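Q: After the sequence you'll find the predicted model.
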Amino acid sequence: MDSNRLKEAYQRLELLDDRLSYKIRPRSSGFSSPSPDHLDAKLKDLAEYTLELKDILREFMLAFARRQSPPSEPPGGTLV
């Protein structure tokens, strides 16, 4: 597991949550229907959130799939 990559992906997820989650949460708007402009803006926010979330999830998967490289040999080769 690549801990640095995992940490960066988690930070990106937190930033995404802070930046866009409140925009895509459903809100009760009473009995009125939203305007077409409002629907377009919500759809744009949802698309941006979805695409960025897909990239972050890919980073999580790569972080878990990547193995840490084994410790390198000391200078001068191995001792016998």
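A: Looks like it arrived, so ask away. Nothing here was measured: the structure is a model prediction, and the numbers come from that model.
Q: host element of the spatially most central residue of the chain?
A: The centre of the chain sits closest to I56, judged by CA atoms, centre = their mean, with a distance of 2.7 Å. I56 is part of helix 36-65 when elements are defined by DSSP states H and E.
Q: Quick one: distance of that helix to the chain centre.
A: 8 Å (CA atoms, centre = their mean, to the nearest Å).
Q: so where is this structure shaky, pLDDT-wise?
A: 29-30, 67-80 (pLDDT under 70).
Q: can you do 50?
A: 80 (pLDDT under 50).
Q: contacting residues for the nearest residue to S21 once chain neighbours are set aside?
A: Nearest non-adjacent residue to S21, counting by CB to CB, 6 or more residues apart in numbering: Y49, 7.6 Å away. Heads up, the C-betas are built off the backbone N, CA and C, glycines and all. Y49 makes contact with L16, L20, S21, K23, I24 under the criterion CB atoms under 8 Å, 6 or more residues apart in numbering.
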